[in-house]
Structure formats: structure tokens, C-alpha cells
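Asker: Any chance you could fold what I've pasted below:
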Amino acid sequence: MEPNASNNMQPDNCLEITPMEVHKVVPPPHRSTIQKLKSKLKETFFPDDPLLQFKRQPLGKKWILAAQYVFPILQWGPNYSFKLFKSDIVSGLTIASLAIPQGISYAKLASLPPIVGLYSSFVPPLVYAVLGSSRDLAVGPVSIASLILGSMLRQKVSPINDPLLFLQLAFSSTFFAGLFQASLGLLRLGFIIDFLSKAILIGFMAGAAVIVSLQQLKSLLGITHFTKQMGLVPVLSSAFHNINEWSWQTILMGFCFLVFLLLARHVRKKTVNIPVPSLCSSVICLNFYMVTCASQSMRKPKLFWVSAGAPLVSVILSTILVFAFKAQHHGISVIGKLQEGLNPPSWNMLHFHGSNLGLVIKTGLVTGIISLTEGIAVGRTFAALKNYQVDGNKEMMAIGLMNVIGSATSCYVTTGSFSRSAVNHNAGAKTAVSNVVMSVTVMVTLLFLMPLFQYTPNVVLGAIIVTAVIGLIDFPAACQIWKIDKFDFVVMLCAFFGVVFISVEDGLAIAVAISIFKILLQVTRPKTLVLGNIPGTDIFRNLHHYKDATRIPGFLILSIEAPINFANTTYLKERILRWINEYETEEDIKKQSSIHFLILDLSAVSAIDTSGVSLFKDLKKALVLVNPVGEVLEKLLRADDAREIMGPDTLYLTVGEAVAALSSTMKGQSSSYV
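Answerer: Have a look, this model is predicted:
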């Protein structure tokens, strides 16, 4: 591998390459350590440069911009008109008709009193209307956060035996969820939730949909003694072991309303007519509703109100039937009397000490991440439909503060709901005032209409939940993942089966762990490619990809496609030595020249550390470097005081220039021995 070891080389062993101008590789402009640190922090935490709007502005204008940044309502509020209000009031009343039955149903899913679900549809929308930047997002309780909250808290506390403590832990978990969400936005750490990949969420949501649906067997079959476990086996076992408790009146009512709700949902899907591009390239492309949401229309489907009003119609109709026929005395379980009035304060119920502190922090983190992922992705999806921007960090702070305030006003975890946001969008919402209208409608319900829900049957609430979560099972997306990436498909299956057979949080943890393992594999086992020349050009490409690419005799040209650091230095050294041994063995068999130059194309190496520099020192003999980026070149120059790496004729701008220049050198050396 010595550059001068060319005594036995014949001129015809070298590829005839047209001489070309060799461009000098120059080091990057000098920057101080402070400048580099500042640039790194800016790219990490402020890629959107939120301070750009404040530059070259007078002091008064800066204060106005700052107020508008913190309170987006100040941006659109001054220009609000009666025409916009007419659209918002229609959409607000429409989503309220969906929010009321969903709020009651999802509270039951979280093992909380039904009234808490309505509380959570009153205060949080008001907070979001002031702080949120999305015009279409309708906030409130959602199925998956309700499921996680209830299942995690039930592991330690029974909502039946100790309902007050369970309620206190739910509010405390909501506080920590909001605190975590707001902290992510304030510290601009939203990239943390990027570890929830699309594959993870598709599998996780499908598993959660199965578990949620199976949990509704208690209501749909009228079973009194039902397991509190979440796994598939214990749920089915409990359902069939208590077959003597099945109520055929309940089954008949549940079946009828479930069919009605599914048909209403089908009507909505059939009326959609304009596909919308997927947002998989966005920062939070992971949203589990993305495929369903991608089918929404920019136009208002004529029959969108059928699916929007179906849950409320089901609640009203079933309540009338139960009241008229006194069905509560014939095996039909009902909600019972609900408390009237607005949200009572709950800050005195928050737990910041005691044996359950770890549980509420853990529950808050998990529910906070999941609900934040859903809320931001839904907001960005509908923003793309109307061609406006949603600031992810502002949304994190808005959703976080919404939950912190909610935890002090008897609310549990809330976020942007896909179903309500879709209805809000299709109903013609123009601004966040639609959330205010929904909140006022829920307030009127809390003050005056609560006695009407006393006879609402639990079986209908179960049917509403099943209908809401059934769309989370996304078979087309699963097939697409299988087609694109088999490893992602395995991750998706692990998330699905982990949720179904173990638990909700364990299934999510398993899938995240496998995804992180995949990332670690990519970091510790970076790709190294052997490059060959495309005949008639100075272009060099992967030999295994381009079949017409040919090797250059006497050269081993490798491309490294990852940052070089302590985690992969040993692997890269071993892999490069293996390439060298394989090449020389192959050349010995062919009786051709051995390697005279090892060329490393560093175009794709974005960073290097001390261990990476040591790698080049170990490979210093006949080593030629091509196109190292600024940071890499700067570190190599600093570490190479003795010029062990960056010697003469060892640094080139392109592979073509390196091969042309070194080939000329080899020809000159071989002719001197003739």
C-alpha cells in the first residue's frame, strides 16, 4: 500500500484517464469556539429562527410581535368579523354535538366519572383558543390518552375501591403531562417525540384500538364482573367466563346502535372527494391518524353532519328509549345521576409527594408524549389543507399550559382530537373561535342539561367508543410499511402485539426500544461502499449498484456514508482492512497490481471525533482523502501537526481529480524505472 511501491507496476495496468485541473481543498474560515457553539445550539434548538421577525424592528413593534407570538389570538383577533363568526358558530355547535357524547364516553374509558369528560371539554378549549396557532384544531379528551391514563393508574389504584384517590392521581398525571409538554416547547426539545416513528404509532394504535374495543365488551354484553386487566387473553377469558351475566336486551341495543354509528361513519368516508398529500416529511409525521386524515376534503362534504351528529343522536334516542320503557329495570345499565355545575377547582387534589408520585410522573410523561404527538400532527395536517403554518413549539406550550390549567380545574389529559378537528374543518371553521363556541355549548350543558343524561345507557357509550377507535386500525399503511421497510414492519408488529398481549405502556416501550436499537445499528455499522468509474466520465459510483462501473487498477476507492465517531471507529477500521484484503486477494488471483492508493470519499461524513481522527492515523499509508466537509477537515488539520495524514498529494476535491492526479504520478514513477 506504499505510494512509492510501484517498482513492479507496468504502465498498461493503469487506466487511461484524461488529465484534468486539480482544485485545491481549502480549510473552512476560522471561527472561535464561542461562534461554533452558538451556531450548533442555534441549529439544534432554533432551526426555524423565531427571532428573525424581531430584527430591524423598533422597540414598540418588538413588544407587539412578542405579545402576538405568545398569544396568537392577538394576530387574528383585531381582524375578526361577523362573517367569520357565522362560520365559527356553525362549526362550534357541530363539534359540541360530538364532544358531549365523546367526553362522557372517554371519561368512562379512563375509569373517571363521566362528568370529568365534560369538564375537560369546557376549560381546555378556552385556553387553546388564546394560546393555540391552529385554526382547525378542536381540543378535548381523546381515546388513546384516556386508555393509557386509565390503564396505567389502575395498576396501583382501583377506581371502584378508592375513587377519590384515583381521581386525584388522574389530575396529578394531567399536571405532569402538561408540565412536560410545555417544557418541550419552552426549551425547544420537540425532537424528542420524533422517536415515535410512524411504524411504532401504526402498530401501537392498532393494538390500542383492539384493546379499547375489547374493553367495551363489558358494556356491550352487560357484564357486571369484568376484568380490569388490559391484555387480550384476560379480557376474552373474562367475557366468556361470565357468559351467565350476558344481557340479551343490552346486546340487542348495542348491536343496533353500533351498526347505526358504523353506517354513519361510512357515509362520511364515501362523501370525501379530494385526496390530500401525506405529511410524512414533517417533523411529526408519526401521527397514527395520518392515512385517515389524508382522505379528508378541502370542500365540505354534503353529508358530513351525518357522522358528526350520529353520536349525539344515538345518546338522545337511546336515552329516550330507556326512559320510556324503564329499561334500567330490565338489565340495561345507565350512567345515573350526574353532577350539575361548572368545573370545581382541583388544585388542592394534586399529589406532589407520597408513594404514588412516581406513578403519576410516569403516567404524565407517557400520556403527554402520545397526546402531544397526536395534537401537533393533526394541527399540521389541517394547516396544510388551508396553506398556513403551525408552529410546533408554540403548540407544545399551548397544549401543555392547557393541561396544566386543566389539572387545576377538574380536567384530565386533553389534546387536539382528530375526529372533532375533521368535523370542525368540514363544518367550515375559520378561527379558534369555534373552540370557544363549543366550550360555551358544553357550559350550557353542564349548567342546565345534565339531568337529561341520567338515563343514557352505558352500552351506547361503549358503541361510540368502538366506532371512534376502529379507524385506528390502518391496514393500508401496514401493507405499505411491509413493502418499503421490513425492519419497520417488525417494529410495528412488536408494538401491536406488545399492546395486545402485555400492556399499553410496555408495548410502546418495546417498540421504541427496538427503533432505538435500529438507530444504534445504523450509527455503529455505517455503510461503506466500493466505488468504480462510470466509463467515459469522471464519475464514481457504487460498484454493486451500477453494473457498468469498473475498478481502477491500483486503487481501492471507498465511500463512508455516516459520521465517524467512537461508536463506529473500530468497525470501520476492520471493514476497511477487510476490503483491502479482499481486493489484494482478488488481484493476486488475477496476477494484476496490488493496491497503491486507498481513496476515502468523505463527502457524506458530516462529523468526526477524536476516535475518528485516530482511524485515519492507523490507515495513514497510501491514504487519500476526498472532499472532507468543513468540520471534518478542520479537525483533521488540527490533529495532524506532524503531517501524518494530510501530506502531499493526499487531499482532493473529487474522486475523479484524485484518480487523474495519482495516475499521472504513477505513470511518471513507472517510466523512471524503464
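Asker: in which helix or strand would I find the closest residue to residue 433 other than its chain neighbours?
Answerer: Closest residue in space to residue 433, ignoring its immediate chain neighbours: residue 88 at 4.1 Å, by CB to CB, 6 or more residues apart in numbering. No exception for glycine: its C-beta is placed from N, CA and C like everyone else's. Residue 88 is located in helix 82-109, with elements delineated by DSSP states H and E.
Asker: Touching, residue 613 and residue 636? I think so.
Answerer: Yes - with contact defined as CB atoms under 8 Å, residue 613 reaches residue 636; the gap is 6.3 Å.
Asker: Looking at the two, which is more packed in?
Answerer: More neighbours surround residue 636 than the other of residue 613 and residue 636, with 21 against 18 (other CB atoms under 10 Å).
Asker: Please export the C-alpha coordinates of stretch 596-603 as PDB.
Answerer: Output of stretch 596-603 as PDB, limited to C-alpha atoms (Å, rounded to 0.1, in the frame of the first residue of the first chain):
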ATOM      1  CA  HIS A 596      -1.200   1.500  -4.400                       C
ATOM      2  CA  PHE A 597      -3.700   4.100  -3.100                       C
ATOM      3  CA  LEU A 598      -6.600   3.800  -0.700                       C
ATOM      4  CA  ILE A 599      -9.000   6.700  -1.500                       C
ATOM      5  CA  LEU A 600     -11.700   7.500   1.000                       C
ATOM      6  CA  ASP A 601     -14.600   9.600  -0.200                       C
ATOM      7  CA  LEU A 602     -15.700  11.700   2.800                       C
ATOM      8  CA  SER A 603     -18.500  13.700   1.100                       C
END
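Asker: What residues sit buried inside it?
Answerer: Within stretch 596-603, the residues that count as buried by 16 or more other CB atoms under 10 Å are 596, 597, 598, 599, 600, 601, 602.
Asker: next one: stretch 147-165
Answerer: By neighbour count on 16+ other CB under 10 Å, the buried set for stretch 147-165 is 147, 148, 149, 150, 151, 152, 153, 154, 156, 157, 159, 165.
Asker: Now tell me what touches that stretch from outside.
Answerer: 109-113, 166, 169-170, 173-174, 208, 211-212, 215, 228, 230, 356, 359, 362-363, 366-367, 370, 412-413, 503-505 (CB atoms under 8 Å, 6 or more residues apart in numbering).
Asker: Just the terminal-to-terminal distance for that stretch.
Answerer: Stretch 147-165 has an end-to-end distance of 18 Å (CA to CA, to the nearest Å).
Asker: Would you confirm that residue 531 belongs to a strand?
Answerer: Yes - under DSSP: H, G, I helix; E, B strand; the rest coil, residue 531 sits within a strand.
Asker: just to revisit the earlier point, Serialize the buried residues of stretch 596-603 to a markdown table and add fields for pLDDT.
Answerer: Shown next, in a markdown table, are the buried residues of stretch 596-603 (pLDDT from 0 to 100):
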| residue | pLDDT |
| --- | --- |
| 596 | 82 |
| 597 | 86 |
| 598 | 89 |
| 599 | 90 |
| 600 | 92 |
| 601 | 92 |
| 602 | 91 |
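Asker: Okay, and which of the buried residues of stretch 147-165 map to helices?
Answerer: 147, 148, 149, 150, 151, 152, 153, 165 (DSSP state H).
Asker: Can you tell me which of the residues you listed is closest to residue 561?
Answerer: residue 148 (38.3 Å; CB to CB).
Asker: sorry, back to before: tabulate the ones in helices among the buried residues of stretch 147-165 (TSV), appending pLDDT and distance to residue 544.
Answerer: Formatted as TSV, those follow (pLDDT from 0 to 100; distance: CB to CB, whole Å):
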residue	pLDDT	distance to residue 544
147	85	47
148	88	45
149	92	50
150	90	52
151	86	48
152	89	48
153	92	53
165	93	62
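Asker: which stretches of this structure form strands?
Answerer: For the chain, the strands defined by DSSP state E cover 138-140, 415-417, 528-533, 540-542, 555-560, 597-601, 623-626, 651-652.
Asker: looking at these, which is closest to residue 659?
Answerer: Nearest to residue 659, of all the strands of the chain, is strand 555-560, at 6.2 Å by CB to CB.
Asker: Name every sheet partner of that closest one and say whether each one runs parallel or antiparallel.
Answerer: Pairing partners of strand 555-560, with direction, according to DSSP bridges: strand 528-533 (antiparallel), strand 597-601 (parallel).
Asker: Same list (the ones in helices among the buried residues of stretch 147-165) but as TSV, adding distance to residue 327.
Answerer: Output for these, formatted as TSV (distance: CB to CB, whole Å):
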residue	distance to residue 327
147	28
148	33
149	31
150	27
151	30
152	34
153	32
165	33
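Asker: picking up where we left off before, need the strands of the chain in JSON lines (columns: distance to residue 405).
Answerer: Output for the strands of the chain, formatted as JSON lines (distance: least, CB to CB, whole Å):
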{"stretch": "strand 138-140", "distance to residue 405": "12"}
{"stretch": "strand 415-417", "distance to residue 405": "14"}
{"stretch": "strand 528-533", "distance to residue 405": "53"}
{"stretch": "strand 540-542", "distance to residue 405": "56"}
{"stretch": "strand 555-560", "distance to residue 405": "51"}
{"stretch": "strand 597-601", "distance to residue 405": "55"}
{"stretch": "strand 623-626", "distance to residue 405": "57"}
{"stretch": "strand 651-652", "distance to residue 405": "59"}
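Asker: out of the ones you listed, deepest packed?
Answerer: strand 138-140 (a mean of 34; mean count of other CB atoms under 10 Å).
Asker: And for it, what's in contact with it?
Answerer: Counting by CB under 8 Å, 6+ apart, 95, 99, 102-103, 120-121, 124-125, 128, 132, 375, 399, 402, 414-417, 420-421, 423-424, 429, 434-435, 438 sit against strand 138-140.
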